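**Student:** here's my sequence, what's the structure:
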Amino acid sequence: MPYVTSAPVVSRQQTEIRPLLQERLHTLARAHQVPGAQLAVHTDGVTYSVHTGEADVTTGRPFTADTAVPLGSVTKCATAAVVMLLAADGDLALTDRVATYVPELRTSRATVRQLLSHTAGLPTGPDSDHVATLTPSRYLSAHCAERDAVCAPGAGFSYSNAGFIAAGRLIESVTGMTWQEAVRAFLLEPLGTAPAFLGDPAPARPVASGHSANALSGRVRAVQQTLAPVEAPAGALLASALDLVALGRDLIGQGPRAVLPHDAAEEMRRPVPGAVPGVLADAWGLGLGLFQQGTAQWCGHDGNAQGTSCHLRAEPESGTVVAFTSNANSGTALWQALADDLAEIIGRGVPAAPAPREPGRPLALPQCAGTYHNGTVEYRVTADAAGSLALSVNGDTPAPLVCYADLSCDLVDPSNGRRVPGGTFVRDPETGAIDRLQISGRTARRTGTA
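**Tutor:** Numbers count the residues shown, from 1 in each chain. The predicted model follows:
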């Protein structure tokens, strides 16, 4: 994954930057089969906004600067910000047990801080189509009981949609409002953002459809969003790149409207001890991934809905904010290429991914073979005669793993042999035995040996 370790010194007139951003966005969108995309960059006190393509290939509707895109998990930044506003008003404390406000988690000792930093030990949560009819109360009761915990609160990081469903339930409990009403009233409208959410039958602004791009056939088709209503606090927000820049500026304490108090924004950007997110980021704060770029620490989040890919990065020292939205599953690759090019265009490299690691030589780790569970997801790790490992998820075709002495591992794409950073095996701190597996930021408990 691209990662710029240093940026060349570039001095350009403001009038040169926007055409360069427009050209790169348009060219890369065509190269990556992305029907439409937006890019907004705030740097040196100026905001540049460009867009390209179509919001929906079926109708040919144009992508505009105001088009709202399903943000996927970037929604979690907004949910966390509302919780922080409640904390700033004294309605709750980050050290409070979540169960104080969410009775369905009465057996958990997790705190509000742990909930927002994915260190509460909650599972990822089941697929959307399995929870389409559940209320938050029924969802949490069924899928976040003590038996479902992947680790003790504070003992490790495990990215959890279920945790943000609990955060939405907390917001509703404290405010007496629905999650949508609270996000609208406390955050979006004060930021000047026209609210838009998945499932709205009559949106007040243009909305982009998601698309699936097939690189082999060259075909691009529109797809339907499948997020269950109960999952809204984890992924139901729609917004434009300009909207995300407004949020990003507020998160680094440099927005013109100053919705978040300075201390609250600073707290969100502070690395949480024990929150080691693996391939997702270099560290984690409260609702925010943290990315190290030399001496600069960027904050933000990545999000993928059905056929969309959206990304936010903000850096408090320089005040730079970069937001990207796209309406195709291939938009992530576009974002990575675009982030690489921004160093030349604006003079600052933007981290699209965590800093690359140097794991050393591959090593056979047959002792890691076994079965691991995160809620309803089963990870099965098998070893061949040489001790080389392969991973299957819920019975899918196994993918080879390349493992290293530090217990980290890469996933190997069987179609091309390409290695992609996957995760790490984790030892029990008391016994030293391999007892957990973290893949793509999700932690699974070992439930059986090979």
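**Student:** what residues of the biggest helix by length in the chain count as buried?
**Tutor:** In the chain, taking DSSP state H as the definition, the longest helix is helix 14-31. Going by neighbour count (16 or more other Cβ atoms under 10 Å), the buried part of helix 14-31 is 17, 20-22, 24-25, 28-29. To be clear about C-beta, it is placed using only N, CA and C from the backbone, and glycine gets the same treatment.
**Student:** go through those residues and name the one nearest R219.
**Tutor:** Nearest to R219 among the buried residues of helix 14-31: A29, at 16.3 Å, using Cβ to Cβ.
**Student:** mind listing what that closest one touches?
**Tutor:** Shown in contact with A29 (Cβ atoms under 8 Å, 6 or more residues apart in numbering): 35-37, 52-53, 326, 334.
**Student:** restricted to helices, list those residues.
**Tutor:** Reading helices off the contacts of A29 with DSSP H, I get L334.
**Student:** contacting residues around R380?
**Tutor:** 371-372, 391-393, 395, 398.
**Student:** kindly recompute the last result at 7 Å.
**Tutor:** Residues in contact with R380 (Cβ atoms under 7 Å, 6 or more residues apart in numbering) are 371, 392.
**Student:** and the strand or helix carrying it, how far from the chain's centre?
**Tutor:** Per DSSP states H and E, R380 falls inside strand 377-383. Centroid displacement of strand 377-383 relative to its chain, using Cα atoms, centre = their mean, to the nearest Å, is 24 Å.
**Student:** distance between the next helix or strand after it and the chain's centre?
**Tutor:** Next helix or strand after strand 377-383 toward the C-terminus (DSSP H and E): strand 389-393. Centroid displacement of strand 389-393 relative to its chain, using Cα atoms, centre = their mean, is 24 Å.
**Student:** in strand 389-393, what counts as buried?
**Tutor:** For strand 389-393, by 16+ other Cβ under 10 Å, it's 389-391, 393.
**Student:** tell me the mean pLDDT over that strand?
**Tutor:** Across strand 389-393, pLDDT averages out at 95.
**Student:** what does it contact?
**Tutor:** With Cβ under 7 Å, 6+ apart, strand 389-393 has contacts from 365, 368-369, 377, 379-383, 398-401, 403.
**Student:** change it to 10 Å
**Tutor:** Applying Cβ atoms under 10 Å, 6 or more residues apart in numbering, the contact partners of strand 389-393 are 364-366, 368-369, 372, 374, 377-384, 397-403, 409, 411-412, 414, 422-423, 425, 437, 439-440, 444, 450.
**Student:** for the helix or strand just after it, packing partners?
**Tutor:** Using DSSP H and E, the helix or strand that follows strand 389-393 in sequence is strand 399-403. Strand 399-403 sits against strand 377-383, strand 389-393, strand 408-412, strand 419-427, with contacts defined as 3 or more Cβ pairs under 10 Å, 6 or more residues apart in numbering; DSSP states H and E.
**Student:** quick revisit: most neighbours, which of the contacts of A29?
**Tutor:** S326 (36 neighbours; other Cβ atoms under 10 Å).
**Student:** since we're on the closest residue to E146 other than its chain neighbours, how many residues are nearby?
**Tutor:** Residue nearest to E146 in three dimensions, not counting chain neighbours: T107, with 4.3 Å by Cβ to Cβ, 6 or more residues apart in numbering. Number of residues near T107 (other Cβ under 10 Å) recorded here: 11.
**Student:** same thing with A120?
**Tutor:** Neighbours around A120, by other Cβ under 10 Å: 29.
**Student:** if I pick it, what's in contact with it?
**Tutor:** 98, 105, 108-114, 144, 149-154, 158, 160, 162-163, 166-167.
**Student:** need phi/psi at the most centrally placed residue in the chain.
**Tutor:** The centroid of the chain falls nearest to D302 when counting by Cα atoms, centre = their mean (3.7 Å). In terms of degrees, to the nearest 10, the main-chain angles of D302 are phi -110, psi 150.
**Student:** with adjacent residues omitted, what lies nearest to it?
**Tutor:** H311 (5.2 Å).
**Student:** just confirm the one you found is within a helix.
**Tutor:** No - read with DSSP: H, G, I helix; E, B strand; the rest coil, H311 is strand and lies in no helix.
**Student:** give the contact list for it.
**Tutor:** 39, 71-72, 74, 241, 244, 300-304, 322-326, 331-332, 334-336, 338-339, 350, 352.
**Student:** where does the chain dip in pLDDT?
**Tutor:** The chain contains residues with pLDDT under 70 at 1-13.
**Student:** for P398, see how far away the residue of it lying at maximal distance from its centre is.
**Tutor:** No residue in the chain sits farther from the centre than A385, which is 37.4 Å out by Cα atoms, centre = their mean. For A385, the distance to P398 equals 15 Å [Cβ to Cβ, to the nearest Å].
**Student:** give me the buried stretch members for stretch 398-410, please.
**Tutor:** Buried residues in stretch 398-410 (16+ other Cβ under 10 Å): 399-404, 407-410.
**Student:** now distance to G60 too, for those, in a markdown table please.
**Tutor:** Converted to a markdown table, the buried residues of stretch 398-410 look like this (distance: Cβ to Cβ, whole Å):
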| residue | distance to G60 |
| --- | --- |
| A399 | 38 |
| P400 | 43 |
| L401 | 44 |
| V402 | 44 |
| C403 | 48 |
| Y404 | 49 |
| L407 | 50 |
| S408 | 46 |
| C409 | 44 |
| D410 | 41 |
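**Student:** using PDB, list the CA coordinates for stretch 63-76.
**Tutor:** Only the C-alpha atoms of stretch 63-76 are listed here, as PDB (Å, rounded to 0.1, in the frame of the first residue of the first chain):
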ATOM      1  CA  PHE A  63     -21.500  13.700  -9.800                       C
ATOM      2  CA  THR A  64     -21.500  17.200  -8.300                       C
ATOM      3  CA  ALA A  65     -19.800  18.800  -5.400                       C
ATOM      4  CA  ASP A  66     -23.000  18.500  -3.400                       C
ATOM      5  CA  THR A  67     -23.600  14.800  -4.100                       C
ATOM      6  CA  ALA A  68     -23.800  12.800  -0.900                       C
ATOM      7  CA  VAL A  69     -22.000   9.400  -0.800                       C
ATOM      8  CA  PRO A  70     -22.600   6.500   1.600                       C
ATOM      9  CA  LEU A  71     -19.600   6.900   3.900                       C
ATOM     10  CA  GLY A  72     -19.600   3.400   5.500                       C
ATOM     11  CA  SER A  73     -17.400   3.400   8.600                       C
ATOM     12  CA  VAL A  74     -16.400   7.100   8.300                       C
ATOM     13  CA  THR A  75     -19.800   7.500  10.000                       C
ATOM     14  CA  LYS A  76     -18.100   6.300  13.200                       C
END
